[in-house]
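Colleague: this one's structure only:
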Ligand code: SF4
């Protein structure tokens, strides 16, 4: 029985925010993204979807620029003018000022970053507003403000520099900018941390504990004991004043629900199944997975590593499945397998499908702007300050 029919059978019972979120309706005020998707979507079974997307894109011509994140489905990627990771895509959009509409096939925080980095004359659109990011949702503006109060009371806020991963809401980026911190990506996290430790004694790393820990321990030579985890769901973050004072890295208790699924067992299992395999993982994976891997790096690093790899080499990749499948198709001379036996798509990335893309493009071509992502001026100002600090990193 579906959730809809269960709710229909219970008169007088109001669906919860969570149920509405699962249904793709309503809104979750605690979330970084809305969840309503207005408008009539074409049926997924419509055999003309590909032709309709092509025709609508042609009608829009250079007025539209479609960005496709690496983790998007093939059916969407085929219409992308450019593909890449979130930061590259935002910069690509800013470099196309003639494009009036930026259709971001990715998730909500990426569309926000594109809106921050593009001009006021450009309109950023997310084909499905329910495409959020569970990691970005793990740090809300209220929780982070409360954390800063805890650090202030412990007497360490003055010497703490916030470093926020690109995968965070505009509010968190703005908090970072306001407190003299920087944004980082999985490619430049080491440089961002080195810069931050020149400005202060401690780093508050948001919202991905794994990227923060992996970078500090693997690349900056810190120990696991130098890191504490701040849990926003516990009083005082679940850490004592003494622990906060002793720590160098204060890691926010957030993680990626896709990369967080890989385990040490996955690594051991694939090594037994595929003798001679190279294990290549993203730094959003848990520390024990990264420690057991042969190579660790961002999405762009993973792609480059496979491009350079000799024919007949064997690779187990620990990142999102859409990308791994595409890479396996692109390099048929190499054996490329997914690190885990269980399927591991990013469910929110997958919300952008062909019906949503067709609906978006046709609406824009008909003169109707749908699902616009717009960051308010104050938030944009401070978020941009943090992003500009990242661009200026040595
Ligand atoms: S793969 Fe992870 S970090 Fe990326 S959008 Fe999905 S949940 Fe967020």
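Modeller: Now that the structure is in, tell me what you want to look at. None of these values were measured; they are calculated from a predicted model.

Colleague: Helix, strand, or coil at the residue most central in space within the chain?
Modeller: When C-alpha atoms, centre = their mean is applied to the chain, the residue found nearest the centroid is residue 167 (4.1 Å). Using DSSP: H, G, I helix; E, B strand; the rest coil, the secondary structure recorded for residue 167 is coil.

Colleague: show me the residues around the closest residue to the ligand within the stretch 151-300 of the chain that make contact.
Modeller: Relative to the ligand, the nearest point of the stretch 151-300 of the chain is residue 256 (3.3 Å; C-beta to the nearest ligand atom). Any C-beta I mention is one placed from the backbone N, CA and C, and that applies to glycine too. Going by C-beta atoms under 8 Å, 6 or more residues apart in numbering, residue 256 touches 134-135, 167, 208, 210, 284.

Colleague: now, which of these sits nearest residue 230?
Modeller: The closest of those to residue 230 turns out to be residue 208 (C-beta to C-beta; 12.7 Å).

Colleague: per-residue confidence at the residue nearest to that closest one when sequence neighbours are not counted?
Modeller: Excluding the flanking residues, the one nearest residue 208 by C-beta to C-beta, 6 or more residues apart in numbering is residue 165, at 4.9 Å. The model reports residue 165 with a pLDDT of 97.

Colleague: do residue 45 as well
Modeller: Residue 45 carries a pLDDT score of 84 in this model.

Colleague: tell me the SS of it?
Modeller: Assignment for residue 45 (three-state DSSP): coil.

Colleague: ok, now which ones touch residue 281?
Modeller: By C-beta under 8 Å, 6+ apart, the neighbours of residue 281 are 259, 262, 289-290, 293, 295-296, 317-319, 339.

Colleague: Go again with 7 Å.
Modeller: Residues near residue 281 by C-beta atoms under 7 Å, 6 or more residues apart in numbering: 262, 289-290, 293, 296, 318, 339.

Colleague: Test of understanding: give the bridge partners of it.
Modeller: Residues in a beta bridge with residue 281, per DSSP bridges, are residue 296, residue 318.

Colleague: Any part of stretch 78-86 near the ligand?
Modeller: No: Stretch 78-86 is not in contact with the ligand by C-beta under 6 Å from any ligand atom; minimum separation 8.3 Å.

Colleague: Go through that stretch and flag the buried ones.
Modeller: By neighbour count with 16 or more other C-beta atoms under 10 Å, stretch 78-86 contains the buried residues 79-81, 83-86.

Colleague: Ok, stretch 376-386 next?
Modeller: In stretch 376-386, the ones that count as buried by 16+ other C-beta under 10 Å are 379-380, 382-386.

Colleague: again with stretch 53-60
Modeller: Buried residues in stretch 53-60, counted by 16+ other C-beta under 10 Å: 53, 56-57, 60.

Colleague: Tell me the one of those nearest residue 366?
Modeller: Comparing those against residue 366 with C-beta to C-beta places residue 56 closest, at 8.7 Å.

Colleague: Assign the residue nearest to the closest one when sequence neighbours are not counted to helix, strand or coil.
Modeller: Closest residue to residue 56 apart from its sequence neighbours, by C-beta to C-beta, 6+ apart: residue 361 at 3.7 Å. Of the three states, residue 361 takes helix under three-state DSSP.

Colleague: thinking residue 361 is in contact with residue 58, fair?
Modeller: No: counting by C-beta atoms under 7 Å, residue 58 is not a contact partner of residue 361; they are 9.7 Å apart.

Colleague: which residue ranges form the helices in the stretch 251-394 of the chain?
Modeller: Remark: helices assigned in the stretch 251-394 of the chain by DSSP state H, counting those that start in this stretch are 264-273, 287-292, 299-308, 321-330, 354-365, 377-391.

Colleague: Highest mean neighbour count out of these?
Modeller: Compared across the helices of the stretch 251-394 of the chain, helix 354-365 shows the largest average neighbour count, a mean of 23 (mean count of other C-beta atoms under 10 Å).

Colleague: And the residue of the stretch 151-300 of the chain closest to the ligand, what's its pLDDT?
Modeller: At residue 256, pLDDT is 96.

Colleague: Tell me how far it lies from residue 262.
Modeller: Going from residue 256 to residue 262 by C-beta to C-beta, to the nearest Å gives 10 Å.

Colleague: Okay, residue 40 and residue 46: tell me how far apart.
Modeller: 12 Å.

Colleague: ugh, wrong one, I meant residue 65
Modeller: Taken as C-beta to C-beta, the span from residue 65 to residue 46 is 25 Å.

Colleague: Out of the two, name the residue with the larger neighbour count.
Modeller: More neighbours surround residue 65 than the other of residue 65 and residue 46, with 24 against 14 (other C-beta atoms under 10 Å).

Colleague: ok, the more buried one - contacts?
Modeller: Contacts for residue 65 (C-beta under 7 Å, 6+ apart) come out as 81, 93, 96, 99, 102.

Colleague: Mind listing what's buried along stretch 363-376?
Modeller: Residues of stretch 363-376 classed as buried: 363-365, 370-371, 373, 375 (neighbour count, 16+ other C-beta under 10 Å).

Colleague: Of those residues, which is the nearest to the ligand?
Modeller: Nearest member of these to the ligand, counting by C-beta to the nearest ligand atom, is residue 373, at 14.9 Å.

Colleague: Take the buried residues of stretch 53-60 and lay them out in TSV including distance to the ligand.
Modeller: TSV is the format used below for the buried residues of stretch 53-60 (distance: C-beta to the nearest ligand atom, whole Å):
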residue	distance to the ligand
53	23
56	26
57	24
60	26
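
Colleague: Just the closest of these to residue 157, please.
Modeller: The closest of the buried residues of stretch 53-60 to residue 157 turns out to be residue 60 (C-beta to C-beta; 48.0 Å).

Colleague: For the residue of the stretch 101-250 of the chain found nearest the ligand, the count of nearby residues, please.
Modeller: Using C-beta to the nearest ligand atom, the closest approach of the stretch 101-250 of the chain to the ligand is made by residue 133 at 3.3 Å. Residues near residue 133, counting by other C-beta under 10 Å, number 25.
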